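**Q** show me the folded form of this:
(one chain, ligands or ions: 1)
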Amino acid sequence: MSIEVKNISKSFGDFHALKDVSLNVNSGELIALLGPSGCGKTTLLRIIAGLESSDSGAVLFSGHDTTHVHVRDRQVGFVFQHYALFRHMSVFDNVAFGLNVKPRSERPSKAQIKEKVMSLLKLVQLDWLADRFPAQLSGGQRQRIALARALAVEPQVLLLDEPFGALDAKVRKELRRWLRRLHEELHVTSIFVTHDQEEALEVADRVVVMNKGRIEQVGSPQQVWNDPASPFVYGFLGDVNLFKGRAEKGSVSLQGFELQTDDQNQTGDAFAYVRPHELDVLPYTPGAEIGHNGKSNGLIARIDRAIVVGPVARLELLSTNASKGADNTTVAATLIEAHIAADRFAELGLREGDTVLVTPRRARVFVEGTTT
Ligand SMILES: Nc1ncnc2c1ncn2[C@@H]1O[C@H](COP(=O)(O)OP(=O)(O)OP(=O)(O)O)[C@@H](O)[C@H]1O
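**A** Model (predicted):
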């Protein structure tokens, strides 16, 4: 079942929780709604489910407007972070619940229900727990049972709201891999809410990045990671260094160094985003920062802290370039984060306190709302 969200707006009193949101979800796709707390992810999910009404706009399932379709009739399965299982029912009865409460005319026979429940429990790899009660399960097992229960009624759409939010990091990681494999087997159109970027990038076919009630970008994990559409997406997906400065005729003067842009016509305040692993770090020799054009193409910095654990050396650097900010005021020493291979760090013989030259291999520059 495909889902089309058309121009949805929703306010709670004076607060605009969703502002003209449109989104298409293809049949069989797994989509992640990703964004900071309060950006409207859950509200959008609840509107798609029919648990909440929108002020304007429409939600279409396979081209049919659902505005007047009751939540019960939408064929939607839910898994929520705190969607507790029925405590007084065994695992088997919890999964069977949706089938047992169907009207008599639609209800499968006892034998069919048993077969279905056991096959779902096998699917979530917990058939050996059928006789247990929820209190006797781990948090991760409970969420897998909640998913089996949601799937029992063969939903056309599966909505998951931070389903692994309450679990510890290791269990979350296992469960998201497991969810991905399960999705590949079942291909139920699914929307997954999370504020964890790693989770979204690992699990989803496409990621919808939301901010303040709007969609900032929709794309594959690779697209949103490699080519963020806005400064917000850049900052939200992973660690990033921000350098402020001015763009003038294709040249961007940042805090102590220069970058060229493709567009010769851009002039204005500029913001350059560079990920920690996109910075080269070399021991500093005076003059090394001056490029062929006579301008500085790197930052001189001091290694304030070096955290070398495993294969990566995470360096906290303090820039010492004389620098001017976008508003022409002098900027205090900037903290820069650089990640280089631990082997390379050892090979260069670097230590805390050393002066280094930092050059961006890749930078994304935004000029006053336009990009280069
Ligand atoms: N019933 C309500 N009444 C008033 N305000 C609400 C209501 N439901 C949500 N909001 C507000 O709307 C905004 C969006 O809430 P929503 O739950 O959709 O955010 P979210 O992105 O899912 O956040 P989180 O990750 O924290 O769950 C929040 O500022 C929230 O306080």
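**Q** all contacts plus neighbour counts: C-alpha atoms, from now on.
**A** Fine.
**Q** quick check: the residue nearest to Leu335 when sequence neighbours are not counted vs Lys212, distance?
**A** Closest residue in space to Leu335, ignoring its immediate chain neighbours: Leu318 at 4.8 Å, by Cα to Cα, 6 or more residues apart in numbering. Plainly put, Leu318 is 32 Å away from Lys212 if you go by Cα to Cα, to the nearest Å.
**Q** which one of those two is surrounded by more residues?
**A** Leu318 (22 against 17; other Cα atoms under 10 Å).
**Q** quick one, phi/psi of that one?
**A** According to degrees, to the nearest 10, the main-chain angles of Leu318 amount to phi -110, psi 120.
**Q** interface residues of the stretch 51-200 of the chain facing the ligand?
**A** Proximity of the stretch 51-200 of the chain to the ligand is confined to His195 under the rule Cα under 6 Å from any ligand atom.
**Q** nearest to the ligand: which residue in the stretch 51-200 of the chain?
**A** His195 (5.9 Å; Cα to the nearest ligand atom).
**Q** and the stretch 201-350 of the chain, by the same measure?
**A** Counting by Cα to the nearest ligand atom, the stretch 201-350 of the chain gets nearest the ligand through Gly213, at 7.2 Å.
**Q** ok, the closest residue to that residue other than its chain neighbours - contacts?
**A** By the measure of Cα to Cα, 6+ apart, the closest residue to Gly213 outside its immediate chain neighbours is Leu18, 4.1 Å from it. By Cα atoms under 8 Å, 6 or more residues apart in numbering, the residues touching Leu18 are 8-11, 40, 43-44, 212-214.
**Q** buried residues, the host helix or strand of Leu18. List them.
**A** Leu18 is part of strand 15-25 when elements are defined by DSSP states H and E. For strand 15-25, a neighbour-count test (16 or more other Cα atoms under 10 Å) marks 17-19, 21-22, 25 as buried.
**Q** wouldn't Trp63 be in contact with Glu4 here?
**A** If you look again at residue 63, you'll see it is Gly, not Trp. Yes. Using Cα atoms under 8 Å, Gly63 makes contact with Glu4 at a distance of 7.3 Å.
**Q** neighbour count: the two, which is higher?
**A** It is Glu4, of Gly63 and Glu4, that has more neighbours when counted by other Cα under 10 Å, with 19 against 11.
**Q** what is the more buried one paired to in the beta sheet?
**A** Assessed by DSSP bridges, Glu4 has beta-bridge partners Asn24, Leu60.
**Q** skipping adjacent residues, who's closest to the residue nearest the centre of the chain in space?
**A** Centroid check for the chain by Cα atoms, centre = their mean gives Gln197 as the closest residue, at 3.0 Å. Excluding its sequence neighbours, the residue lying closest to Gln197 (Cα to Cα, 6+ apart) is Leu237, at 6.1 Å.
**Q** quick one on the thing from earlier: the buried residues of strand 15-25: which ones sit near the ligand?
**A** Within the buried residues of strand 15-25, those near the ligand by Cα under 6 Å from any ligand atom are Ala17.
**Q** all helices of the stretch 101-250 of the chain, in order?
**A** 110-123, 139-152, 169-186, 197-203, 221-226, 231-236 (DSSP state H, counting those that start in this stretch).
**Q** how far is the second one from where the chain is centred?
**A** Spelled out, it's helix 139-152. 23 Å (Cα atoms, centre = their mean, to the nearest Å).
**Q** again, but for the last one
**A** Helix 231-236 has its C-alpha centroid displaced from the chain centroid by 11 Å (Cα atoms, centre = their mean).
**Q** pLDDT (mean, whole number) over that helix?
**A** Helix 231-236 shows a mean pLDDT of 89.
**Q** still on that earlier bit, any idea how far the residue nearest to Gly213 lies from Ala200?
**A** Leu18 sits 21 Å away from Ala200, going by Cα to Cα.
**Q** got the contact list for the residue nearest to Val25 when sequence neighbours are not counted?
**A** Using Cα to Cα, 6+ apart and skipping the chain neighbours, the partner closest in space to Val25 is Ile3 (5.0 Å). Ile3 makes contact with 24-27, 59-63, according to Cα under 8 Å, 6+ apart.
**Q** one more time with 6 Å
**A** The contact partners of Ile3, taken as Cα atoms under 6 Å, 6 or more residues apart in numbering, are 24-25, 60-61.
**Q** with Ala135 instead?
**A** Ala135 touches nothing, counting by Cα under 6 Å, 6+ apart.
**Q** let's go with 7 Å and repeat that
**A** Arg87 (Cα atoms under 7 Å, 6 or more residues apart in numbering).
**Q** what's the separation between it and Met89?
**A** 10 Å.
**Q** okay, now the residue nearest to Ser2 when sequence neighbours are not counted: neighbour count?
**A** With Cα to Cα, 6+ apart as the criterion, Ser2 has its nearest non-adjacent residue at 4.2 Å, and that residue is Ser27. Counted by other Cα under 10 Å, the residues lying close to Ser27 total 17.
**Q** return the residues in contact with Ser27.
**A** Ser27 neighbours (Cα under 7 Å, 6+ apart): 1-2, 189.
**Q** just Ala338 next, same as before
**A** 276-277, 279, 314-316.
**Q** which pLDDT value goes with the closest residue to Ser62 other than its chain neighbours?
**A** Among residues not flanking Ser62 along the chain, Ser2 sits closest, at 4.8 Å (Cα to Cα, 6+ apart). The confidence metric pLDDT takes the value 94 at Ser2.
**Q** and the ligand, which of the contacts of Ala338 reach it?
**A** Checking the contacts of Ala338 against the ligand by Cα under 6 Å from any ligand atom, not one of them is in range.
**Q** so which bits of stretch 265-275 are buried?
**A** 266-275.
**Q** run the chain-centre distance for that stretch.
**A** The answer for stretch 265-275 is 24 Å, by Cα atoms, centre = their mean.
**Q** thank you kindly, that will do.
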